[in-house]
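[1] Next comes the sequence, and after it the predicted model I'd like to discuss.
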Amino acid sequence: MACQTPLFVGCSFGRSVLSEPPWPPLAPAIVPLAAGTATSRRRDPESCGAPVAATLQLPWPGWIYCVRTPRGVMLSVSGRQDTTAPPPNAAIPRPVAASRGRWSAAVPDAVSLGAATIPCNFSIRAGSEVSTGRGDRMNHRKRRFPFVFPDRLPAQRLLSATGLVALLVSGCGRHEPPEAKSAAGKSVGGVATLAVHSTETATVVEATGTVAASLTADVAPKIMSKVSAVLVNEGDHVAKGQVLVRLEAADLAAQVRQGQAAVESAKAALAQAQTGQGIQKTQSTTRVAQAKAALRQAQEQLSLVKEGARKQQKQQADEGVRLAEAGKAQAEAGVHQAEAGLAAAKARLSLVKEGARNQQKLQAEAAVRQAEANQKTAQATHDRFKPLADQGVISQQRMDEIALQLDVAKSQLETAKQQASLLNEGARTQEIQQAEEGVRQAEAAVRMAQQKSREADSGIGTAAAQRDLTYEGARGQEVIQAEQQVKQAEEALRMAEAATDENKIKADTVKMLRAQVRQAEASLMGTNVQLGYATLVAPFAGVVTKRHADPGAMTAPGVPLITLVDNSGFRLEAIVPESQMFGLRLGAEAEVTIDALSRTLTGWVTQIVPSADAASRTFVLKFGLPKVEGLVSGLFGRVSIPVGHTKGLLIPREALWHEGSLVGVLAVDSGVAHKRMVTVGKEETDQVEILSGLSEGEVVVARDVNRVPDGATVGNGGEAK
């Protein structure tokens, strides 16, 4: 007879089904497809034995006989397809076949239920979901059993042919194992139960991360050079601006000296051009003024010739002659001065082109040696008197004078070296060009002075003629001459005014030389900056964590020489999945556990990196940490951030039973405890959240679940607190 119980697959250990082996084979029988239970037969009390075969007639293929089966046992159904249709209320399940650890499709006229991967004492109800796995370990692949088992099947719908059923279990009915009956009817008293209710729980985002310093810097050079000295070691504490590494910079120092010389040369050329501009402006202004005066004089002379001379006009004529003679003397002096300037410019050009003489070089080298001797003497004096000053034998004032002498000696030595370097290097193209320009300007000044002298001669003659004309009176020819002189004076004034355009040329030259001075100064500044790159300093106060190079090693721009961290503050950088980012905000407090310190710290969210990693779909969160002893970069940390509260079902941890990887509870229904699998969520100290498998209001065994068998009647032990 068929059992009227829900579909159940399980394993029953204990006594064998029959009292004594061997068991007789099962005879062919007609099995009605009602819901029922069968129990596996075994050949010894300790393990599930070999299969027992039986031949049964079934109504049609596709239906599964409900069984109770141990691991490694499965129920198979096979037979020919009947032409008779199944009853209207019957749902034929999709044919499946069992293989170890997997479910797969089978032939259309056969259905197999695999128990090889289903652990002991595991219930499957019709329409429920289960997970299959290998042995007692689950791989969480869920399969649904949408089987409908009618209570009765009409006899006329039986198969006309006999199907072969290879049963690895015995049929239900009188073959039900004694231990199953005893467990189902057993009553366990003193069992505490608990009604499941929803409770508000805190929602916490958990993540892991690594401790990092608030500031980290790889100190690297900006130039390629050789390491001269490394002044720190790993673990040293340094202050901001402290020198860490020095690079060799002799070539840069020489470039600085060359730049200084270039600046001085450009400034000298500018000064010379400004002087020439001043002279040119003065001379042009004087020429214009003289031309205007000559024009006025010619016009007055013409008036005198036409009108006749008066006493005052005669005095003016005499004064004009004296002024013309004075202008002649001044013009001759200007010629001598211009010729002297030309000679000096030519001498400078010759000196620049020829360079320093050997005698000058020897004198410069002798000056260097003398300066070195003076420096050594001053150094020896300083070293000799320093202990005496420390002991108070000599006054501090005397020691200061000795130190000043040493500084002066050092400065003189540097100046002598620079002068010798300039003499040895010789003249540059720019200096030669400047000297040639000076010669051209001096020649122009000579020509201008000579012209002025000739104009002065002409002025004397004109003034004398004017005086004679004034005294003698006008004649017809004299009037014509006077008119001609007025025209000449007017032309001279136009020429003098036109000559002022040369002032603009001189002004442009001065402007160009000013630009050259600025360019030389900028080049010198850039060289000084490059020289500064030879000294690497700490960008902030901290601790040296890595020394990457030693003296003598070659460096390249951007290659770190020192790694420095700021140990005044640390942070934790954690990875959070995008699904848990909702509710996180800046400033939120978090519990940070540092395993290496065995401490839990209170941190806070300082930064949420706004972009996610495209591959892992995670965000980086940075948490500020308090300053504690032993906190260093690289430590592993775990962080918990409360983001809100939700309602969930919580039960005591001791209300769970465990079989391998399976977790469940004993649900009490009408006083009978049944094992039921549940899905566990977050776990607290003594409470566990249930995500699925239980509903609010259901009753479960609260503790001592291992002493309550499945199907046992539970006595009232009170509700657990």
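    Happy to help now that I have it.

[2] Okay, now the unreliable bits of the protein?
    By pLDDT under 70, the weakly predicted segments of the chain are 1-187, 189, 307-313, 348, 351-360, 422-431, 469-470, 472-476, 715-721.

[3] try it again with 50
    1-185, 718, 720-721 (pLDDT under 50).

[4] tell me, which helix in it spans the most residues?
    helix 250-307 (DSSP state H).

[5] Helices along the stretch 451-600 of the chain, start to end?
    Here the stretch 451-600 of the chain has its helices, by DSSP state H, counting those that start in this stretch, at 476-499, 501-532.

[6] His645 is nearest to which of those helices?
    Taking CB to CB, helix 501-532 is the member of those nearest to His645, at 59.3 Å. (Each C-beta comes from the backbone N, C-alpha and C, glycine too.)

[7] now that closest one against helix 250-307, angle please.
    Going by axes from the mean of the first three to the mean of the last three CA atoms, to 10 degrees, helix 501-532 is angled at 170 degrees with respect to helix 250-307.

[8] For helix 501-532, name the packing helices and strands.
    The elements that helix 501-532 packs onto, with contact taken as 3 or more CB pairs under 8 Å, 6 or more residues apart in numbering; DSSP states H and E, are helix 250-307.

[9] In terms of secondary structure, what does the helix it packs on contact?
    helix 311-354, helix 396-425, helix 429-472, helix 476-499, helix 501-532.

[10] picking that back up, TSV for the helices of the stretch 451-600 of the chain, including mean neighbour count and distance to Glu455?
    Shown next, in TSV, are those (neighbours: other CB atoms under 10 Å; distance: least, CB to CB, whole Å):
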stretch	mean neighbour count	distance to Glu455
helix 476-499	15	8
helix 501-532	15	17
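
[11] Make JSON lines from these and add distance to Ala273 to it.
    Below are the helices of the stretch 451-600 of the chain laid out as JSON lines (distance: least, CB to CB, whole Å):
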{"stretch": "helix 476-499", "distance to Ala273": "19"}
{"stretch": "helix 501-532", "distance to Ala273": "5"}
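
[12] Out of the ones you listed, which is closest to Val263?
    helix 501-532 (4.4 Å).

[13] do you know how far Val510 is from Gln280?
    11 Å (CB to CB, to the nearest Å).

[14] export the helices and strands packed on helix 250-307 to a markdown table and tack on distance to Ala266?
    Shown next, in a markdown table, are the helices and strands packed on helix 250-307 (distance: least, CB to CB, whole Å):
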| stretch | distance to Ala266 |
| --- | --- |
| helix 311-354 | 15 |
| helix 396-425 | 15 |
| helix 429-472 | 8 |
| helix 476-499 | 29 |
| helix 501-532 | 4 |
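
[15] Out of those, flag the one nearest Gly241.
    That would be helix 501-532 among the helices and strands packed on helix 250-307, by CB to CB, at 12.7 Å.

[16] So what's the residue count around Gln280?
    21 (other CB atoms under 10 Å).

[17] Correction: the previous question concerned Met399.
    16.

[18] picking that back up, how big is the angle separating the longest helix of the chain from helix 311-354?
    160 degrees.

[19] tilt between helix 250-307 and helix 476-499?
    160 degrees.

[20] Number the chain from 51, please
    With the count now opening at 51, the last piece we talked about shows up as helix 300-357.

[21] the inter-axis angle of helix 300-357 versus helix 446-475?
    Going by the same axes, to 10 degrees, helix 300-357 makes 80 degrees with helix 446-475.

[22] what about Trp265, distance to Val615?
    In this structure residue 265 is Leu, not Trp. Leu265 is 7 Å from Val615, by CB to CB.

[23] Also Gln491?
    For Gln491 relative to Val615 (CB to CB), the value is 64 Å.

[24] so which helix or strand takes in Gly684?
    Assigned by DSSP states H and E, Gly684 falls within no helix or strand.

[25] list the contacts for it?
    Counting by CB atoms under 8 Å, 6 or more residues apart in numbering, Gly684 makes contact with Thr260, Val261, Ala262.
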